[in-house]
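Participant: sequence? don't have it. structure:
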């Protein structure tokens, strides 16, 4: 089991910045993929950014160049730095940890409780 606790959400004006944090109860070095997802009202949850244990990152096209995902292994924490925020970034942001110790066919997903990000125009 991996417990995830997000923090850092809030209300910000368009063009502003926020940094989300996700503290994990396990060593993130042993977690295959750490990611951030978001869900806006009436919409499906979507991938925002992910970071693999091998060091690669991936971003949704809508946030490329504005958001940055990073890891601090010493703190077992993953961050999402969000710059140049837009009203359409408004959503509940969820941290995800995906691990497959016995191979990709047996994947385990863990989720945080979510943190609200609201961007005003």
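Facilitator: All right, it came through fine. Everything numeric here is computed off the predicted structure, so don't read it as measured data.

Participant: the residue nearest the centre of the chain sits in which helix or strand?
Facilitator: Nearest to the mean C-alpha position of the chain, by Cα atoms, centre = their mean, lies residue 36 at 2.0 Å. Using DSSP states H and E, residue 36 sits in strand 33-39.

Participant: next, the buried residues of that strand.
Facilitator: Judged by neighbour count using 16 or more other Cβ atoms under 10 Å, the buried positions of strand 33-39 are 33-38. All C-beta atoms are positioned from the backbone trio N, CA, C, and that covers glycine.

Participant: quick one, the biggest strand by length in the chain and strand 33-39 angle?
Facilitator: Ranked by number of residues, the top strand in the chain under DSSP state E is strand 91-99. Inter-element angle recorded for strand 91-99 and strand 33-39: 150 degrees (by axes from the mean of the first three to the mean of the last three Cα atoms, to 10 degrees).

Participant: ok, residue 2 - contacts?
Facilitator: 24-26, 31, 97, 99, 110 (Cβ atoms under 8 Å, 6 or more residues apart in numbering).

Participant: which phi and psi does it have?
Facilitator: For residue 2, the backbone dihedrals (degrees, to the nearest 10) come out as phi -120, psi 120.
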